[in-house]
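# Starting from these lines, generate the structure:
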Amino acid sequence: MANTTAKVYVIYYSVYGHVGTMAREILRGANSVEGVEATLWQIPETLPDRVLEKMKAPPKDTDVAVIRPEQLAEADGFVFGSPSRFGMMASQVLAFFDATHELCLSQKLAGKPAGIFWSTGFHGGGQENTALTAIPQLAHHGTYAGDGSRQPTELELQQAFYQGKYVAGITKKLKATST
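Model (predicted):
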């Protein structure tokens, strides 16, 4: 009998603890769903200790394991968290995604749902750009054509139809109000 428990990985990088706090709550929410086993992971630190000291960053969570990119293949879904650093995901998160090259080539993450969350130190801290910089990372692991033999699924075709219909309807309404 196949294992029907869905594995969700909550994966985060946190500098000052805010994203880690949010990650624990996301983990709690995910584990509240029957038939789901959620696990909390940290993205590896890339900054030297001396730099983290100068930033007055608190110590990393010692009770949360650091994930390796190849471990992503074991999960059925993901939620990634990052602080907003200069209007984008933290470089540690980008470096982690860069290290998923083999998974991208093999498309082992294709079709697995993923979500994102982030934290900023103030309003106007680049929240919207943090979300936008996550999209290309996730998209490279999702919809693909591979060697050209893969054709769009029925669901993808339905989504394409709906998108065309939706944009055309909005365009028609805008055109009618501009004349």
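# distance between the lengthiest strand in the chain and the chain's centre?
Using DSSP state E, we find that the single longest strand of the chain is strand 77-85. Computed by Cα atoms, centre = their mean, to the nearest Å, the chain-centroid distance of strand 77-85 equals 5 Å.
# what's it packed up against?
Packing partners of strand 77-85 (3 or more Cβ pairs under 8 Å, 6 or more residues apart in numbering; DSSP states H and E): strand 6-12, helix 18-31, helix 91-98, strand 114-119, helix 127-139. Using the backbone N, CA and C atoms, a C-beta is placed for each residue, glycine as well.
# One more pass at 10 Å, please.
strand 6-12, helix 18-31, strand 36-42, strand 88-89, helix 91-98, strand 114-119, helix 127-139 (3 or more Cβ pairs under 10 Å, 6 or more residues apart in numbering; DSSP states H and E).
# in the third one, what counts as buried?
For strand 36-42, a neighbour-count test (16 or more other Cβ atoms under 10 Å) marks 38-42 as buried.
# CA atoms only: put the helix or strand just after that strand into PDB for me.
From strand 36-42 onward toward the C-terminus, using DSSP states H and E, the following helix or strand is helix 49-54. Once non-C-alpha atoms are left out, helix 49-54 reads as follows in PDB (Å, rounded to 0.1, in the frame of the first residue of the first chain):
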ATOM      1  CA  ASP A  49      30.500  34.800  11.600                       C
ATOM      2  CA  ARG A  50      32.400  38.100  11.700                       C
ATOM      3  CA  VAL A  51      29.900  39.800   9.400                       C
ATOM      4  CA  LEU A  52      26.900  38.300  11.300                       C
ATOM      5  CA  GLU A  53      28.400  39.700  14.500                       C
ATOM      6  CA  LYS A  54      28.700  43.200  12.900                       C
END
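# same question for helix 49-54, mean pLDDT?
Helix 49-54 comes out with an average pLDDT of 95.
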